[in-house]
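Student: Quick one, fold the following:
(one chain, ligands or ions: 2)
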Amino acid sequence: MIKIDDSLQYLKGVGPKKIKKYNSLDLQNVRDLLEYYPRSYDDQSNFKLLYNTVPNEKATFDVLVVGMIENRNIRRNLNIISFLIEDSSGKGIMSFFNMRYLKDKIKPNTRYLVSGKVGRFRGQIQLTNPEFEIKSNENSIGNIKAIYPLTKGVTNNEITKLIDQVINLNLFDEVIPEELINKYGLMEKNEAIKNIHKPTNRRNYLLARNRLVFEEFLIFQLAIFLMKKDDDVSKGVSLKVDNRIFDFIDSLPFELTKGQDKVLKEIFDDLSSEKRMNRLLQGDVGSGKTIIAIIAMYLSYLNGYQSTIMAPTEILARQHLESFRELLEPLGVNIELLVGSTTKRNKERILEELKDGSIHILIGTHALIEDNVEFKNLGLNVTDEQHRFGVRQRQNLNTKEKDAHTLVMSATPIPRTLALILYGDLSISTIDTMPPNRKAIETIAINNTMLNRALNFIRQELLKGRQAYIICPLIEESEVLDLNSAQEVYENLSLDQFKDFQIELLHGKMSAKEKSEVMERFEKSETKLIVSTTVIEVGVNVPNASIILIYNAERFGLAQLHQLRGRVGRGEHQSYCILYNESKSEISWQRMKVMTESTDGFYIANKDLELRGSGDIFGTRQSGIMNLKLADLSRDINILKYAQLEAKNILNKNIKLSEKEYENIKEAVRNNFKVEYTILN
Ligand code: ADP
Ligand code: MG
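Tutor: Residues are numbered from 1 along each chain as shown. Ligands and ions are numbered 1, 2, ... in the order given. Reported below is the predicted structural model:
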């Protein structure tokens, strides 16, 4: 008997080679396979008579193949083979291109099911390259066919056949408590799994999908709430807030904005309480989050505790190092950097000095959450640009030092309602003001007729001493996608418009060291123009850079465009953002309009959600932030609200999920983020 957690190797037709391929799709066991949901469906259940159709309709027909009527070469390399078909409505033709071998394969005087798009030629129905199958008791044509996301070497047919082996075994235990199943009339789990892979009709598909989405959200919400409950009972180190920190704030080269004052007060309240802080700091690009982190971390230092700040890229970590050292080193704070490219010797020294407490502040990337990093007395963890890290990583860092406070900073403005739902485990502070005297960035959207003028304009700016970014969606040329690649644009521009300027290429395939060298030369203004992929997106601060041009702007999410735009307008110079929209679609121009009309990140995020869905806000689905396989945050927001409500209800009734009816969902919650919940023990 096959069980849900059995490896796929127990299925028919799965050898060692295939297992590797499946693993690359993240498919290890039967559960993974059954939860490998279709990307889309090919609905072949639209049965019609040949002459009851409209042109271009996709339909399936039950026909008699009368016989072959032509098999000829139209020109070199182009053969056409046609068959006469008929049903009770009349006679038609089905034709295939370059499939000569069908001559012997398709049998005359035989009934077939054929499925495809309907065309008409000289009044006669014509099907071109349809799918076909001899009619039998077990036809695959005629159903709603699942289309799976695939990788090289795995076909849709193969996945379908694997699923066929296990789909009727009813392997899942019901996860959702019975009470909720009844209350919402949810489809039972195994039934839903069957209908998501092999929907019998549209209604059943929707019922199946809704149920599975509800389950994902319910588990997610329970997991998030339990994390929060865990935090609520965990004690934090209590930091004293006294004059020394206010003197420091007074000594800064600028006055804090109202918004900064407000969030700082919220943070101080947390840090000085007995409770462990777990707070999300939201603020638009350029609203001044870094200084908040510096102040909080200095407070930690004044109280004799160490602190860390983790950034998503080395470039950003190095920039933080500079800002931190400039303000804090004169005050006796010892600050170090730990990143992937840190030499072994340096790393060993840093690890030593962290343990003996002589390093006060550690700045770094993912390298910070490695197991061998130990502190003497960690008081505060800051994570910058948190949308780049998943919940799991957040938790990892949290567990490093059980009583250290946590501050996560995000520059991806999330509509407040959504934030409350997604970050139910965090308290939220928002900086809602911008530093004064910021010149608005002028934003324009252009099409290809204006590209040369835009490039010329950039030249003029460079001649004035400014610097510029050009952003492209790809690194290298692609055969499948007709998009601008950074490589190609870089080569063209350095031969042409910008041949007399220092221009450099920056992309994610370069080593961390190469990347930071490029950035260093740009910061020193040795390089005037950087052609880059979106690695530049997060947090980079070069005040002299005053212009950014984004190729294929239609390909980016608005939140992402807003982030990119935030790379300029950081200094005294008037700055510009040029969005090169290469699409003609109306929606793409609507989206550009949102960008040219507003510089308010929260407004833009809301519009983005309206126009394109949440995928853009959180980056790709695969980012693993939420472990959602089927649910879509914008489409399913209503289901999410109910799931949140019910998660709250469940925990109110039974915080430890100890009752029998919660046994399965408790297990699912535990597996979801692979997190240990103290409260469940
Ligand atoms: P972000 O919130 O995007 O991380 P930063 O922290 O990088 O923004 O701040 C952007 C710039 O604004 C920095 O150069 C910083 O020194 C400056 N800044 C921050 N707060 C203020 C303020 N209250 N007044 C003036 N400038 C400020
Ligand atoms: Mg920042």
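Student: How many residues are close by residue 270?
Tutor: Using other CB atoms under 10 Å, residue 270 has 21 neighbouring residues. Where C-beta positions appear, they are placed from N, C-alpha and C, glycine not excepted.
Student: Mind checking what helix or strand follows the host helix or strand of it in sequence?
Tutor: Assigned by DSSP states H and E, residue 270 falls within helix 258-272. Using DSSP H and E, the helix or strand that directly follows helix 258-272 along the chain is strand 278-283.
Student: tell me the mean pLDDT for that next one?
Tutor: Averaging pLDDT along strand 278-283 yields 88.
Student: Only C-alpha atoms, please: export that strand in CSV.
Tutor: This file holds the C-alpha atoms of strand 278-283, laid out as CSV (Å, rounded to 0.1, in the frame of the first residue of the first chain):
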residue,chain,number,x,y,z
ASN,A,278,9.0,41.9,17.3
ARG,A,279,8.3,44.9,15.1
LEU,A,280,8.0,45.7,11.4
LEU,A,281,9.1,49.1,10.4
GLN,A,282,7.5,50.2,7.2
GLY,A,283,8.5,53.3,5.3
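Student: Please give me every residue in contact with the residue of the stretch 451-600 of the chain found nearest ligand 1.
Tutor: Going by CB to the nearest ligand atom, ligand 1 is nearest to residue 541 of the stretch 451-600 of the chain, at 5.2 Å. Residue 541 is in contact with 319, 570, counting by CB atoms under 8 Å, 6 or more residues apart in numbering.
Student: can you check the one 3 residues further on too?
Tutor: Taking CB under 8 Å, 6+ apart as the definition of contact, the neighbours of residue 544 are 465, 466, 467, 525, 571, 573.
Student: For the last one, which three-state class applies?
Tutor: Of the three states, residue 573 takes coil under DSSP: H, G, I helix; E, B strand; the rest coil.
Student: Quick check, it in contact with residue 542.
Tutor: No. Assessed by CB atoms under 8 Å, residue 573 is found out of contact with residue 542, at 11.4 Å.
Student: Residue 429 versus the residue lying closest to residue 244 once chain neighbours are set aside, what's the distance?
Tutor: In space, and not counting its chain neighbours, residue 244 is closest to residue 302: 5.4 Å by CB to CB, 6 or more residues apart in numbering. Distance, residue 302 to residue 429, by CB to CB, to the nearest Å: 21 Å.
Student: between those two, who's got more neighbours?
Tutor: residue 429 (22 against 17).
Student: and the more buried one, what helix or strand is that in?
Tutor: Applying DSSP H and E, one finds residue 429 within strand 427-431.
Student: Adjacent strands (with direction) for that strand?
Tutor: Strand pairing for strand 427-431, determined by DSSP bridges: strand 278-283 (parallel).
Student: Confirm that residue 120 sits in a strand.
Tutor: Yes. If the criterion is three-state DSSP, then residue 120 is within a strand.
Student: From residue 368, how far out is it?
Tutor: 66 Å.
Student: more crowded one of those two?
Tutor: residue 368 (21 against 14).
Student: got a list of what that one touches?
Tutor: 308, 310, 338, 362, 397.
Student: Does it belong to a helix, a strand or coil?
Tutor: Per three-state DSSP, residue 368 ends up helix.
Student: Quick check: residue 212 touching residue 196?
Tutor: Yes. Under the criterion of CB under 8 Å, residue 212 makes contact with residue 196 at 6.2 Å.
Student: list residues touching both of these two?
Tutor: 37, 630.
Student: do you know how far whichever residue of the stretch 51-200 of the chain sits closest to ligand 1 is from residue 37?
Tutor: Using CB to the nearest ligand atom, the closest approach of the stretch 51-200 of the chain to ligand 1 is made by residue 149 at 34.7 Å. According to CB to CB, residue 149 and residue 37 sit 9 Å apart.
Student: got it, and residue 306?
Tutor: To residue 37, residue 306 is 45 Å away according to CB to CB.
Student: Compare those two and say which is more crowded by neighbours.
Tutor: Neighbours were counted for residue 306 and for residue 37 using other CB under 10 Å; residue 306 has more, 23 against 16.
Student: Run the angle between the strand holding residue 429 and helix 258-272 for me.
Tutor: 150 degrees (axes from the mean of the first three to the mean of the last three CA atoms, to 10 degrees).
Student: So which residues make contact with the helix or strand following strand 427-431?
Tutor: Note on strand 427-431: by DSSP H and E, the next helix or strand toward the C-terminus is strand 442-446. Strand 442-446 has contacts (CB under 8 Å, 6+ apart) with 453-454, 553, 565, 574-581, 589, 592-593, 595-596, 599.
Student: And for stretch 640-648?
Tutor: With CB under 8 Å, 6+ apart, stretch 640-648 has contacts from 180, 184, 214, 217-218, 220-222, 225, 421, 424, 631, 633.
Student: One more pass at 6 Å, please.
Tutor: For stretch 640-648, contacts defined as CB atoms under 6 Å, 6 or more residues apart in numbering pick out 180, 214, 217, 218, 221, 222, 225, 421.
Student: helix or strand for the second one, which one?
Tutor: According to DSSP H and E, residue 214 maps onto helix 202-233.
Student: count of residues packed around residue 594?
Tutor: Per other CB under 10 Å, the neighbour tally for residue 594 reads 18.
Student: pretty sure it is touching residue 607, no?
Tutor: Yes. Contact criterion CB atoms under 6 Å: residue 594 and residue 607 qualify, at 4.6 Å.
Student: Could you list the contact residues of the stretch 551-681 of the chain toward ligand 1?
Tutor: residue 570 (CB under 6 Å from any ligand atom).
Student: can you map out the strands along the stretch 551-681 of the chain?
Tutor: Taking DSSP state E, counting those that start in this stretch, the strands of the stretch 551-681 of the chain run over residues 576-580.
Student: what bits of it have low per-residue confidence?
Tutor: 609, 612-627, 634, 673-675 (pLDDT under 70).
Student: All the helices of it, in order from the start?
Tutor: Counting by DSSP state H, counting those that start in this stretch, the segments of the stretch 551-681 of the chain that form helices are 558-565, 586-597, 601-612, 637-653, 663-673.
Student: Those helices: which one's closest to residue 160?
Tutor: Smallest distance to residue 160 across the helices of the stretch 551-681 of the chain (CB to CB): 26.3 Å, for helix 663-673.
Student: on contacts alone, who are the packing partners of the closest one?
Tutor: The contact analysis (3 or more CB pairs under 6 Å, 6 or more residues apart in numbering; DSSP states H and E) places helix 663-673 against helix 202-233.
Student: Kindly calculate the angle that the helix it packs on makes with strand 278-283.
Tutor: 110 degrees.
Student: Any buried residues in helix 202-233, and which?
Tutor: In terms of neighbour count (16 or more other CB atoms under 10 Å), helix 202-233 has its buried residues at 204-205, 207-231.
Student: swap in stretch 581-599?
Tutor: 581, 582, 588, 591, 592, 594, 595, 599.
Student: so how far does stretch 444-453 reach from one end to the other?
Tutor: Taking CA to CA, to the nearest Å, stretch 444-453 runs 13 Å from one end to the other.
Student: oh, I was asking about stretch 130-149
Tutor: 22 Å.
Student: before we move on, what about stretch 194-212?
Tutor: For stretch 194-212, the end-to-end distance is 11 Å (CA to CA).
Student: What mean pLDDT does it get?
Tutor: 94.
Student: Next: stretch 93-100.
Tutor: 95.
Student: any idea how far it is from the chain center?
Tutor: From the chain centre to the centre of stretch 93-100 is a distance of 42 Å (CA atoms, centre = their mean, to the nearest Å).
Student: Secondary structure element for residue 350, which one?
Tutor: Short version: residue 350 belongs to helix 344-355, going by DSSP H and E.
Student: List the buried residues for that helix?
Tutor: Buried residues in helix 344-355, defined by neighbour count with 16+ other CB under 10 Å: 347, 350, 353, 354.
Student: what does that helix rub up against?
Tutor: For helix 344-355, contacts defined as CB under 6 Å, 6+ apart pick out 336, 338, 359, 374, 375.
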